[in-house]
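# Show me the folded form of this:
(chains A, B, C and D)
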Number of protein chains: 4
Amino acid sequence: MKGHFNLRKRVEFADTDAAGIMHFASFFRFMEVCEHSFLRSVGFSAHPPGAEAGGGESSTDVGWPRVHASCDYKKALKFEEEVEIELGIEELGTRTVSYQFHFWKNPDDQEKRTLAATGKFTVVCVCWGEENEGMKAVEIPSQIRKKLEEIRTA
Amino acid sequence: MKGHFNLRKRVEFADTDAAGIMHFASFFRFMEVCEHSFLRSVGFSAHPPGAEAGGGESSTDVGWPRVHASCDYKKALKFEEEVEIELGIEELGTRTVSYQFHFWKNPDDQEKRTLAATGKFTVVCVCWGEENEGMKAVEIPSQIRKKLEEIRTA
Amino acid sequence: MKGHFNLRKRVEFADTDAAGIMHFASFFRFMEVCEHSFLRSVGFSAHPPGAEAGGGESSTDVGWPRVHASCDYKKALKFEEEVEIELGIEELGTRTVSYQFHFWKNPDDQEKRTLAATGKFTVVCVCWGEENEGMKAVEIPSQIRKKLEEIRTA
Amino acid sequence: MKGHFNLRKRVEFADTDAAGIMHFASFFRFMEVCEHSFLRSVGFSAHPPGAEAGGGESSTDVGWPRVHASCDYKKALKFEEEVEIELGIEELGTRTVSYQFHFWKNPDDQEKRTLAATGKFTVVCVCWGEENEGMKAVEIPSQIRKKLEEIRTA
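Residues are numbered from 1 along each chain as shown, chains lettered A, B, ... in the order given. Presented below is the predicted three-dimensional model:
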């Protein structure tokens, strides 16, 4: 995967289910944690305009609701496993970004390192109008686009 | 338990954990579902002023953040079990309400019906001030107090 | 959608996020609740062999891990909204089932009834081998296949 | 708090609710993450005997189901805030451990550092009997007790 950002994350007990493995919906929470961590790494908060953030990052007045999310599952993840989540930018549109995610099982073991899952988000850049107008799609601000372009072509 | 409200709820797969039973934190979600269902049953939405509700219930301009939540666990609940949650009002203060909850396992089997857990919430009635002021405790509105008093002494 | 099963479900507070709407990952939990409710409606428990179920349904000795899950988001769902989830069977393979899901917002209002989201699961029929062997894909048992075929062609 | 273990954790988007703050039940998930991180820090996996762990820690053949969990909420936590969770051992019984937790808001700011919440778990040491016997309380194994005693009196 070209242009990527990596995050290590442990499978916590509340992420698992009665089949003894990470619940399939928890993969989507992990992808979002990776996406937000990536945004912070390039200087932006992922907080929606309507919600005040606590991290002190640059406010950008835009939010990133998902229009698509998907995941393909290959290997189960178990409680307390540490997984490496790799984020790449697949497409960068005027108002949309498509992220792809790779979940690496046994990330530090060259022989056992293997793909546990792959995923994808398509998010839309929005800003909030006046009260009751709701949110509307807008062009990705240039300072953010610049950072996304850098990671996409790294 | 005097003065009560009952809700049946099934243990879903995402509520369980790798020990094969309902995760201990899911009991708090169930108590909240019961509390909100009770509030709707007496005509009020539980939505916070800052968040628009979709149910069409009377807006009351107050919210109910918790200041205390606790649970005592006696029997495990399994995936797909139906549990009966019984809500009672333990104390009704000027600005606070203390709810107690009983989780009944095997609710329809007179011989096997048994307590799986008991819980408690203390919630404070708040309204929202001007922007950036945050929320502040207020007296429980009289039309809500009347309903709570009815259930407490039923 | 031909051949379908419907479930009404309310958006609970714990399903929402700081953007004031249902969190995108909660849609996957809702789809699973609908899938399991469908399986119970035709007489089968969805519990994995390794986890004892509490509902008393026929044990089938098979489980249904996902190999794919996706969701396309069109309209936000708010706290306390009741949504109708419609399940259909898109494909019925020898060992796999593809479910599609429609989330109907304002389900009882003929004018406002609208699609909030569509989703898809592909699940594999598995049984558990001897200890440490893990699970392996198997043909869908005939009594289950019969029920799935009925709903697919209804 | 004497004898403590500290963990930093960020409030993720899925931990928040439509009131714009961390959902009250998420505090219990955070406490469990801290407890398990503490157990790993002294060399033990927190995985239940029935569930295989992925972290490679020493297997101890015991599990730690909760019999009590509680939380008192003082200050709201916002999306992307980093909180410091401090674990202490309040009581060490023959078969039980009582942990207390402090949630520190603004942990790195000496002037603004303040308690957001305090919590408590009482957990029981159990082992699993033969199939269908379920779990039963046992004495805390001596090698674990030694470590717990160290942290309690540190």
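# Give me the below-cutoff pLDDT ranges for chain A.
A:1-3, A:47-60, A:129-133 (pLDDT under 70).
# So which residues of it form strands?
Here chain A has its strands, by DSSP state E, at A:4-10, A:66-73, A:82-92, A:96-105, A:114-124, A:126-128, A:135-137.
# Reformat the ones you listed as CSV; add distance to chain C and mean neighbour count.
(C-beta placed from N, C-alpha, C; glycine too.) Below are the strands of chain A laid out as CSV (distance: least, CB to the nearest CB, whole Å; neighbours: other CB atoms under 10 Å in any protein chain shown):
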stretch, distance to chain C, mean neighbour count
strand A:4-10, 15, 16
strand A:66-73, 3, 20
strand A:82-92, 15, 19
strand A:96-105, 13, 20
strand A:114-124, 8, 19
strand A:126-128, 10, 16
strand A:135-137, 9, 15
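# now those as CSV including distance to residue C:126?
Shown next, in CSV, are the strands of chain A (distance: least, CB to CB, whole Å):
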stretch, distance to residue C:126
strand A:4-10, 26
strand A:66-73, 12
strand A:82-92, 22
strand A:96-105, 19
strand A:114-124, 17
strand A:126-128, 40
strand A:135-137, 41
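# I'd like to know which of those strands lies nearest to residue B:95.
Taking CB to CB, strand A:126-128 is the member of these nearest to residue B:95, at 32.5 Å.
# Does anything pack onto the closest one? Which helices or strands?
Secondary-structure packing of strand A:126-128 (3 or more CB pairs under 8 Å, 6 or more residues apart in numbering or on different chains; DSSP states H and E): strand A:135-137.
# Adjacent strands (with direction) for the strand it packs on?
strand A:126-128 (antiparallel) (DSSP bridges).
# Quick one: distance of the partner strand to the chain centre.
19 Å (CA atoms, centre = their mean, to the nearest Å).
# How about stretch A:28-40?
3 Å.
# again with stretch A:91-109
7 Å.
# start to end distance for that stretch?
31 Å (CA to CA, to the nearest Å).
# again with stretch A:107-119
17 Å.
# Then stretch A:128-142?
18 Å.
# Bridged to the closest residue to residue A:145 other than its chain neighbours, which residues?
Spatial nearest neighbour of residue A:145, excluding adjacent residues (CB to CB, 6 or more residues apart in numbering or on different chains): residue A:92 at 7.3 Å. Beta-bridge partners recorded for residue A:92 (DSSP bridges): residue A:97.
# got a list of what residue A:92 touches?
A:98, A:140, A:145, A:148-149, A:152 (CB atoms under 8 Å, 6 or more residues apart in numbering or on different chains).
# Who wins on neighbours among these?
residue A:140 (22 neighbours; other CB atoms under 10 Å in any protein chain shown).
# Am I right that it is in contact with residue A:95?
Yes - with contacts counted by CB atoms under 8 Å, residue A:140 reaches residue A:95, the gap being 6.4 Å.
# residues shared between the contacts of the two?
residue A:125.
# picking up where we left off before, ok, which of the strands of chain A comes nearest residue A:41?
Per CB to CB, nearest to residue A:41 of the strands of chain A: strand A:4-10, 6.3 Å.
# partners of that closest one, with directions?
With DSSP bridges as the test, strand A:4-10 pairs up with strand A:82-92 (antiparallel).
# centre of the chain versus the partner strand, how much separation?
On CA atoms, centre = their mean, the centre of strand A:82-92 falls 7 Å from the chain's centre.
# Give me the angle between it and strand A:96-105.
160 degrees (axes from the mean of the first three to the mean of the last three CA atoms, to 10 degrees).
# tell me the centre residue of chain A?
Residue closest to the average C-alpha location in chain A (CA atoms, centre = their mean): residue A:35, at 2.4 Å.
# Roughly how far does the closest residue to that residue other than its chain neighbours sit from residue A:92?
Among residues not flanking residue A:35 along the chain, residue A:99 sits closest, at 6.0 Å (CB to CB, 6+ apart). Note on residue A:99: its distance to residue A:92, by CB to CB, to the nearest Å, is 10 Å.
# just residue A:82 next, same as before
In terms of CB to CB, residue A:82 sits 30 Å off from residue A:92.
# CA-only coordinates of the longest helix along chain A in CSV, if you can.
In chain A, taking DSSP state H as the definition, the longest helix is helix A:26-41. Coordinates of each C-alpha in helix A:26-41 appear next as CSV, following Å, rounded to 0.1, in the frame of the first residue of the first chain:
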residue,chain,number,x,y,z
SER,A,26,-15.6,-3.7,16.3
PHE,A,27,-13.4,-3.7,13.2
PHE,A,28,-15.3,-0.6,12.1
ARG,A,29,-14.6,1.1,15.4
PHE,A,30,-10.9,0.3,15.0
MET,A,31,-10.9,1.7,11.5
GLU,A,32,-12.4,5.0,12.8
VAL,A,33,-9.8,5.2,15.6
CYS,A,34,-7.1,4.8,12.9
GLU,A,35,-8.6,7.4,10.7
HIS,A,36,-8.9,10.0,13.5
SER,A,37,-5.4,9.2,14.7
PHE,A,38,-4.2,9.8,11.1
LEU,A,39,-6.0,13.2,11.0
ARG,A,40,-4.5,14.2,14.3
SER,A,41,-1.0,13.1,13.0
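# tilt between it and strand A:82-92?
Using the same axes, to 10 degrees: helix A:26-41 against strand A:82-92 is 70 degrees.
# quick one: helix A:26-41 to strand A:66-73, angle?
120 degrees.
# mind checking how far helix A:26-41 is from the chain centre?
The answer for helix A:26-41 is 4 Å, by CA atoms, centre = their mean.
# repeat for stretch A:101-115
18 Å.
# Also stretch A:111-124?
Per CA atoms, centre = their mean, the centroid offset for stretch A:111-124 relative to its chain is 11 Å.
# With stretch A:140-154 instead?
15 Å.
# who's in contact with it?
Contacts of stretch A:140-154 (CB under 8 Å, 6+ apart): A:2-5, A:38, A:42-44, A:60, A:62, A:88-89, A:92, A:94-95, A:97, A:125.
# Let's see that with 10 Å instead.
Here stretch A:140-154 makes contact (CB atoms under 10 Å, 6 or more residues apart in numbering or on different chains) with A:2-5, A:38-39, A:41-44, A:58, A:60-62, A:64, A:87-97, A:99, A:124-125, A:127, A:139.
# Verify the stated contact: the residue nearest to residue A:35 with residue A:91.
Yes - if you go by CB atoms under 10 Å, residue A:99 and residue A:91 touch, sitting 9.1 Å apart.
# what touches both of those two?
Common neighbours of residue A:99 and residue A:91 (CB under 10 Å, 6+ apart) are residue A:122.
# The closest residue to residue A:75 other than its chain neighbours and residue D:122: what is the separation?
Once flanking residues are discounted, residue A:75 sits nearest to residue A:116: 4.3 Å by CB to CB, 6+ apart. Noted for residue A:116: a distance of 35 Å to residue D:122, by CB to CB.
# Residue A:97 now?
46 Å.
# Could you do residue A:70 as well?
Distance from residue A:70 to residue D:122, by CB to CB: 42 Å.
# dump the residue contacts of the residue nearest to residue A:35.
Counting by CB under 10 Å, 6+ apart, the residues that residue A:99 touches are A:5, A:31, A:34-35, A:38, A:64, A:66, A:69, A:87-91, A:119-123, A:148, A:151.
# ok, residue A:40 touching residue D:12?
No - using CB under 10 Å, residue A:40 is not in contact with residue D:12, being 11.5 Å away.
# Common neighbours of these two, please.
A:46, D:80.
# Enumerate every residue touching residue A:46.
Residue A:46 neighbours (CB under 10 Å, 6+ apart): A:32-33, A:35-40, A:53, A:55, A:57, A:60, A:62-64, A:123, D:12-13, D:79-80.
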